[in-house]
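S.K.: build me a structure from this.
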Amino acid sequence: MTTRRESILIEGVRMSQERSVGRGPELGRWVLVGVLLLAGLALFFLYAPGSDAPAPPTTVHEAP
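M.R.: Coordinates of the predicted model:
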C-alpha cells in the first residue's frame, strides 16, 4: 500500500510527463476570435464618428 505522500509524487510525475494534445487548432481558434474582435473594434472607431445617433440626445430641463 502506498502512502498519500507517495501517491502525490507518483501523480505529479505522470502529470509532468503528459504531452499537450491539440494545442494548434485550439490556439488557432482563439487567434481567430481575437482577430474578429480587433476588426470589429477597428470598424467601430472608423465608422462611428461619421454616423448619426440612433436616438436623439436627451436634454435636461431645469424646474422653474
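
S.K.: pLDDT below threshold where in this structure?
M.R.: Applying pLDDT under 70 to the predicted model, the residue ranges of the chain that meet it are 1-22, 64.

S.K.: regarding it, what is its longest helix?
M.R.: When every helix of the chain is counted residue by residue (DSSP state H), the longest turns out to be helix 23-47.

S.K.: packing partners for that one?
M.R.: For helix 23-47, the contact count by 3 or more Cβ pairs under 8 Å, 6 or more residues apart in numbering; DSSP states H and E identifies no helix or strand as a packing neighbour. The C-beta positions use only the backbone N, C-alpha and C, and glycine is treated the same way.

S.K.: name the residues that touch that helix?
M.R.: Helix 23-47 is contacted from outside by no residue at all, using Cβ atoms under 8 Å, 6 or more residues apart in numbering.

S.K.: for that helix, buried residues please.
M.R.: Neighbour counts over helix 23-47 (16 or more other Cβ atoms under 10 Å) mark no residue as buried.
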